[in-house]
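Asker: return a 3D structure for these sequence lines:
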Amino acid sequence: MTDINQINDGQTLKNHWSQEQCESNSLINQIIIEPDNTEQEIQSVMKLIHRINKENKHLRRLAACIESNSSVINSTFRYYKMRNTLFSIITAGPSDHLIDYLIELDDLNDMLKYFKSLAVHDEEKYVTELYNIGRQKLIEESDDLIMKSTNSIPPQELLDLCRS
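Answerer: Sure thing, here's the model as predicted:
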């Protein structure tokens, strides 16, 4: 039986199935042509059933491979769509949507762990840079909020506090 890795284009797949169909037709013809020998008929039918089972298993493996590839492609599209969205959100800073921003940073952290586990260095580098930008924006926004929320201490009071 042909290995899944050997079937890499439509023409090879077409040739493979044409060959299998010819072999199956030949077995069927043998059964029809030689009806005298019952033992030989049974063996021919068993060969045909065995071949059909092998091809069925082969088709199931191909279907699983296609399904797996489809899933990987969908995941890749989702990642790149999310990556562009994350880039715009992260570079804008937290402003009024701090909770959403923290969730996006958490998603970036998850992506970073994922790419580290797969050793995909280019994507890991990009996500790390974006994550660092996000952290820096969060720190800047926090500093701005702290400065806006606190009352400034007059210099004389600050000196008095330091002396005491």
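
Asker: now do the helices in this structure.
Answerer: 10-33, 38-92, 98-118, 121-149, 155-163 (DSSP state H).

Asker: which residues sit in contact with Ile153?
Answerer: Counting by Cβ atoms under 8 Å, 6 or more residues apart in numbering, Ile153 makes contact with Leu161. Just so you know, the C-beta spots here come from the backbone N, C-alpha and C atoms, and that holds for glycine as well.

Asker: quick one: the helices of the chain as CSV, columns for mean neighbour count too.
Answerer: Compiled in CSV, the helices of the chain are given as follows (neighbours: other Cβ atoms under 10 Å):
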stretch, mean neighbour count
helix 10-33, 12
helix 38-92, 12
helix 98-118, 15
helix 121-149, 14
helix 155-163, 9
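
Asker: mind putting these in CSV, mean pLDDT included?
Answerer: Formatted as CSV, those follow (pLDDT from 0 to 100):
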stretch, mean pLDDT
helix 10-33, 61
helix 38-92, 79
helix 98-118, 80
helix 121-149, 85
helix 155-163, 84
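
Asker: any idea how far Glu141 is from Met147?
Answerer: 11 Å (Cβ to Cβ, to the nearest Å).

Asker: care to break this protein down by domain?
Answerer: Domain assignment of the chain by automatic domain parsing yields the ranges 7-72, 93-150.

Asker: Tyr80 is nearest to which of these?
Answerer: When the domains of the chain are compared by Cβ to Cβ, domain 93-150 sits nearest Tyr80, at 9.9 Å.

Asker: ends of the closest one, what's the gap?
Answerer: Using Cα to Cα, to the nearest Å, the end-to-end distance of domain 93-150 comes to 21 Å.

Asker: closest to Tyr79 out of the domains of the chain?
Answerer: domain 93-150 (7.5 Å).

Asker: any idea how far the closest one is from the chain center?
Answerer: For domain 93-150, the separation from the chain centroid amounts to 22 Å (computed by Cα atoms, centre = their mean, to the nearest Å).

Asker: also stretch 48-64?
Answerer: 27 Å.

Asker: same check on stretch 148-163?
Answerer: So, by Cα atoms, centre = their mean, the centroid of stretch 148-163 is 55 Å from its chain's centroid.

Asker: what does stretch 56-68 give?
Answerer: That offset, for stretch 56-68, works out to 18 Å (Cα atoms, centre = their mean).

Asker: repeat for stretch 147-164
Answerer: 54 Å.

Asker: now the end-to-end length of that stretch.
Answerer: Length of stretch 147-164, first residue to last, Cα to Cα: 25 Å.
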